[in-house]
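Trainee: model the following, please.
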Amino acid sequence: MGHEETEAALAKQGRTVALVIAGSMVFWIVAQALGPMLGMPGRFALLIDFAVLAALVWSMVVIYQIWRKRQNMKG
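Mentor: As a prediction, this is how the structure comes out:
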């Protein structure tokens with residue numbers, strides 16, 4: 001794979017990470033606002049918190065992988 005193709009793949013991966021971060025934050029905010037209004041038990045709120053944390057941990061891992069790939073491309 002050429003340098004430009006690798007850069008394009010890394011950029012696509014970066015956009016995916018950005019969407020996951022933004023989407024998980026929007027989901028978390030909406031869930032926190034709607035939960036009490038719908039009478040959702042606390043255990044479901046905790047489950048949502050853990051799901052969002054998992055998405056953010058995944059995002060950090062992928063960001064690290066992107067960073068390492070770019071460092072290796074520099075030489």
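Trainee: list the buried residues of the lengthiest helix in the chain.
Mentor: With DSSP state H applied, the helix covering the greatest number of residues in the chain is identified as helix 3-38. For helix 3-38, the neighbour count (16 or more other CB atoms under 10 Å) marks 10, 17, 21, 24, 28, 31 as buried. For glycine as for every other residue, the C-beta is placed from the backbone atoms N, C-alpha and C.
Trainee: so what's the residue count around the closest residue in space to the fourth one that isn't next to it in sequence?
Mentor: Translated: Ser24. Here the nearest residue to Ser24 in space, its sequence neighbours aside, is Ala55; by CB to CB, 6 or more residues apart in numbering that works out to 4.1 Å. When neighbours are counted by other CB atoms under 10 Å, Ala55 registers 17.
Trainee: the host helix or strand of Ala55 - contacts with which helices or strands?
Mentor: Assigned by DSSP states H and E, Ala55 belongs to helix 42-74. Contact analysis of helix 42-74 by 3 or more CB pairs under 8 Å, 6 or more residues apart in numbering; DSSP states H and E lists helix 3-38 as its packing neighbours.
Trainee: ok, Arg43 to Phe50 distance?
Mentor: With distances defined as CB to CB, to the nearest Å, the gap from Arg43 to Phe50 amounts to 11 Å.
Trainee: equivalent analysis for Pro41, please.
Mentor: Distance check for Pro41 against Phe50: by CB to CB, it reads 15 Å.
Trainee: repeat that for Leu19.
Mentor: Plainly put, Leu19 is 20 Å away from Phe50 if you go by CB to CB.
Trainee: ramachandran angles for Pro41?
Mentor: Backbone torsions for Pro41, taken as degrees, to the nearest 10, come to phi -60, psi 160.
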